[in-house]
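Student: Predicted model follows, preceded by the sequence.
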Amino acid sequence: MAPGNEPADWARYDVAARRLTLTVHVQPGARQSAIAGRHGDALKIRIAAPASDNRANDALIAFIAECLALPRSAVTIRQGSTSRRKVVAIAPVDDGAALRLLSGAG
């Protein structure tokens, strides 16, 4: 595999289930929501919402859904709802949307 084309270790795509699973490190309270690169083996996402009253989780779901042009109902937090490190599942997602995310944020 050519350098720079390695598969992302923070994302897994199940073709049969049409499910994209992301490991993310969330930084709440940022000036604006944005993908900030990598944080170890996770994708770092800055969220412009405080970490209180579940607002950062709601903003994370909305941000990911907006980035992939999917409804919010397609994005769920599977693990880590009270920590910065989370596992997010996105389903259903088509192959094209998964490839756009994996190639654009690697």
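Tutor: Alright, I've got the coordinates. Numbering: from 1, shown residues only.
Student: Mind jotting down where the helices sit in the protein?
Tutor: Counting by DSSP state H, the chain has helices at residues 55-67, 95-104.
Student: can you tell me how far the nearest residue to residue 95 once chain neighbours are set aside sits from residue 76?
Tutor: Nearest residue to residue 95, sequence neighbours excluded (Cβ to Cβ, 6 or more residues apart in numbering): residue 15, at 7.1 Å. The C-beta positions use only the backbone N, C-alpha and C, and glycine is treated the same way. Distance, residue 15 to residue 76, by Cβ to Cβ, to the nearest Å: 19 Å.
Student: got it, and residue 17?
Tutor: 13 Å.
Student: same deal with residue 46?
Tutor: 20 Å.
Student: who's more crowded, the two?
Tutor: Counted by other Cβ atoms under 10 Å, residue 46 and residue 76 do not tie: residue 46 has more neighbours, with 17 against 13.
Student: Contacts only, for the closest residue to that one other than its chain neighbours.
Tutor: Ranked by Cβ to Cβ, 6+ apart and with sequence neighbours excluded, the top spatial neighbour of residue 46 is residue 30, at 3.6 Å. By Cβ atoms under 8 Å, 6 or more residues apart in numbering, the contact list for residue 30 reads 46, 47, 48.
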